[in-house]
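Student: coords below, sequence missing:
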């Protein structure tokens, strides 16, 4: 079952679109900086921030971090610097450090929608769904209708089991069909294959041109079929082993008890596996906690 859930989560990631809200359930929603051209005196703060952002974009995170920290010493009241440091540390999985930077940025600029949105998404990645919800609702209070904040809140609520409000928020950002696709991705990341399949099927009933939903449904069907085939093979192997065991066992009471006990244990194991597969209760938490290649789906935007 765990193998099925893991394969399901990873396989569906390949179906996620590369743009728009259809990748919402897994792509990082940390703010992507615009990269302004370097003009004029590079000693000026804005020019130095531009250089640091370019270093971020090019993956030179250590150099970017060092530059931000140097700028922070000279400009302790600038809220952008701890904000960017929070994003870098969050993407690196250094969540305690990231939280410190986000808090500092909000101390300097308490009503900054981008900081609240990014911190909310970072808290979501940490599995702190209630705190993520609070931060994202604050972001929407500052900027009602903000798409990133709305999308991130939909993610957090979906993973918290509040699927109706999650779906409603996805609708605000991407429309009806895509909203069902996004909710399907949420269920995928939770390992809830059957619920995900229902969402993708609903999306296709609204718009039969949605390739992402069609591909996801096909992958789910294939994986479920593989899981059933593995279960059947395992059951067949177990049956052969039991037959051989019975052929060897003596007619002593101890021998009979041994066979009966083995049958009971195998039956319970099969029953448990069937229930887990039917209800999709195993959760693929690694998808939430790591950068997707994983959750960030395709490539996260930095």
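Tutor: Looks like it arrived, so ask away. What you are looking at is a predicted structure, and each value in this text was computed from that prediction instead of being measured.

Student: from here on, contacts and neighbour counts on C-alpha atoms
Tutor: OK.

Student: now residue 204: how far from residue 119?
Tutor: According to CA to CA, to the nearest Å, residue 204 and residue 119 sit 34 Å apart.

Student: same thing with residue 111?
Tutor: Taking CA to CA, one finds residue 111 at 13 Å from residue 119.

Student: The two - which one has more neighbours?
Tutor: The neighbour count for residue 111 versus residue 119, taken as other CA atoms under 10 Å, is higher for residue 119 (28 against 15).

Student: Quick check: phi and psi on that one?
Tutor: Note on residue 119: its backbone torsions stand at phi -70, psi -40 [degrees, to the nearest 10].

Student: Next: the one 3 residues further on.
Tutor: Backbone dihedrals for residue 122, given as degrees, to the nearest 10, come out at phi -60, psi -40.

Student: Skip the chain neighbours and tell me the closest residue to it.
Tutor: Spatially, and ignoring its direct neighbours in sequence, residue 122 is nearest to residue 90 (6.1 Å; CA to CA, 6 or more residues apart in numbering).

Student: which residues touch the host helix or strand of the one you found?
Tutor: Assigned by DSSP states H and E, residue 90 belongs to helix 80-91. Defining contact as CA atoms under 8 Å, 6 or more residues apart in numbering, one finds that helix 80-91 is touched by 30-31, 56, 61, 65, 68-69, 71-72, 95, 97-102, 104-105, 115, 118-119, 122, 291.

Student: same thing but at 6 Å, please
Tutor: The contact list for helix 80-91, computed with CA atoms under 6 Å, 6 or more residues apart in numbering, reads 68, 98, 101-102, 105.

Student: Residue 161: what secondary structure?
Tutor: What DSSP: H, G, I helix; E, B strand; the rest coil gives for residue 161 is coil.

Student: Neighbours of it, how many?
Tutor: So residue 161, with other CA under 10 Å, has 12 neighbours.

Student: From residue 47, how far out is it?
Tutor: 44 Å.

Student: got it, and residue 230?
Tutor: Counting by CA to CA - residue 230 and residue 47 are separated by 59 Å.

Student: Who are the contact partners of residue 202?
Tutor: Contacts of residue 202 by CA under 6 Å, 6+ apart: none found.

Student: about what we covered before: mean confidence (pLDDT) on the helix holding residue 90, please.
Tutor: Per-residue pLDDT over helix 80-91 has a mean of 97.

Student: Show the subsequent helix or strand relative to that helix.
Tutor: Counting by DSSP H and E, what follows helix 80-91 is helix 95-108.

Student: So which elements touch that next one?
Tutor: helix 80-91 (3 or more CA pairs under 6 Å, 6 or more residues apart in numbering; DSSP states H and E).

Student: now do 8 Å
Tutor: helix 80-91, helix 113-125 (3 or more CA pairs under 8 Å, 6 or more residues apart in numbering; DSSP states H and E).

Student: So for it, what gets flagged as buried?
Tutor: 95, 98-99, 101-106, 108 (16 or more other CA atoms under 10 Å).

Student: ok, now stretch 56-68?
Tutor: Neighbour-count burial for stretch 56-68 [16+ other CA under 10 Å]: 56-57, 61, 64-65, 67-68.

Student: picking that back up, settle it for me: which of residue 230 and residue 47 has more neighbours?
Tutor: Using other CA under 10 Å as the criterion, residue 230 and residue 47 rank with residue 47 on top: 17 against 12.

Student: Any figure for the gap between that one and residue 195?
Tutor: For residue 47 relative to residue 195 (CA to CA), the value is 49 Å.

Student: packing partners for the top helix by length along the chain?
Tutor: If you go by DSSP state H, the chain has its longest helix at helix 211-248. If you count contacts as 3+ CA pairs under 8 Å, 6+ apart, helix 211-248 packs onto helix 2-13, helix 193-206, helix 253-279.

Student: Recalculate using a threshold of 6 Å.
Tutor: Contact partners of helix 211-248 among helices and strands, from 3+ CA pairs under 6 Å, 6+ apart: none.

Student: Give me the below-cutoff pLDDT ranges for the stretch 1-150 of the chain.
Tutor: 1-29, 32-43 (pLDDT under 70).

Student: go with 50
Tutor: 1-7, 9-28, 37-41 (pLDDT under 50).

Student: Packed most tightly, which of the helices and strands packed on helix 95-108 would that be?
Tutor: Highest mean neighbour count of the helices and strands packed on helix 95-108: helix 113-125, a mean of 27 (counted as mean count of other CA atoms under 10 Å).

Student: now it and helix 80-91, what's the angle there?
Tutor: Angle, helix 113-125 to helix 80-91, by axes from the mean of the first three to the mean of the last three CA atoms, to 10 degrees: 20 degrees.
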